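J.: I'd like to go over a predicted model; first the sequence, then the structure.
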Amino acid sequence: MSHYFGSPTGAYVMREVAAELAGERRTVRTASGVFSADGLDHATAILLRTVPAPTRGTVVDLGCGWGPIALHLALSEPGVEVVAVDVNPRARELCAINAELLGVADRVRVLTPEQAPKRYDELWSNPPIRIGKPALHALLLEWLPRVELAHLVVGKNLGADSLARWLAEQGWPCERLASSKGFRVFEARRGTPAESVHTAE
């Protein structure tokens with residue numbers, strides 16, 4: 001859980017793992033003390049497989065970890081710039097290293113939340129559900145006003161549907177784009193007139 005709250009404890013031992021990003025198997029660096037240190041987690045893989053990368057614009061990857069979302073988006077579309085944000089300094093360092101290794105460091109900026117710009121075209125995230133509902137709601141209320149569109153992946157047994165209802169109550173109605181292996185992929189749009197979750201058949 002330390003990867004959710006700031007500087008991790010324990011030895012910083014970097015290692016190489018393989019992950020499928022932008023349709024190819026890539027070698028990236030991870031380490032203990034970051035989320036999904038063993039490679040691409042199932043939830044993020046479902047998000048990346050379900051939602052096409054935008055062809056242009058600036059995306060914020062909220063809670064970037066070692067960088068799977070940011071790297072995938074930058075590798076998929078040369079017209080996309082990504083701001084990768086994380087409170088964990090080890091995660092930020094690994095994301096920057098991986099962006100350099102994969103040749104997209106010019107389009108992936110890795111920043112602390114305090115350094116991050118205030119406006120983006122889209123937000124992509126496998127949000128940190130386990131920080132607890134009050135902290136998660138506060139995090140989303142801080143970041144959603146910076147975008148017009150958000151793509152989120154959330155575990156069904158971790159409250160995906162209740163989160164979608166809460167988002168709708170905040171003026172961010174969701175469309176469920178996919179449901180796979182116990183995870184939901186949601187698209188939330190500012191100002192959409194819908195008031196509940198719509199299921200993609």
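T.: That came in fine, so what should we check first?

J.: center of this protein - which residue?
T.: Among the residues of the chain, the one closest to the centroid is Ser125, at 2.3 Å (Cα atoms, centre = their mean).

J.: In this model Leu62 seems to touch it, though I could be wrong.
T.: Yes: under the criterion of Cβ atoms under 8 Å, Ser125 makes contact with Leu62 at 4.1 Å. Any C-beta I mention is one placed from the backbone N, CA and C, and that applies to glycine too.

J.: Can I take it that Ala37 is in a strand?
T.: No: applying DSSP: H, G, I helix; E, B strand; the rest coil, one finds Ala37 to be coil, outside a strand.

J.: Show me where the protein has its helices.
T.: 42-50, 68-76, 89-101, 133-143, 160-169 (DSSP state H).

J.: okay, those, which one's buried deepest?
T.: helix 68-76 (a mean of 26; mean count of other Cβ atoms under 10 Å).

J.: which helices and strands sit right next to that helix?
T.: strand 14-21, strand 24-31, helix 42-50, strand 57-62, strand 80-85, helix 89-101, strand 108-111, strand 122-125 (3 or more Cβ pairs under 8 Å, 6 or more residues apart in numbering; DSSP states H and E).

J.: could I get these as TSV with distance to Glu148?
T.: Shown next, in TSV, are the helices and strands packed on helix 68-76 (distance: least, Cβ to Cβ, whole Å):
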stretch	distance to Glu148
strand 14-21	25
strand 24-31	30
helix 42-50	18
strand 57-62	10
strand 80-85	15
helix 89-101	24
strand 108-111	20
strand 122-125	8
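
J.: could you dump the ones you listed to CSV with mean pLDDT?
T.: Output for the helices and strands packed on helix 68-76, formatted as CSV (pLDDT from 0 to 100):
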stretch, mean pLDDT
strand 14-21, 96
strand 24-31, 98
helix 42-50, 97
strand 57-62, 98
strand 80-85, 98
helix 89-101, 98
strand 108-111, 98
strand 122-125, 98
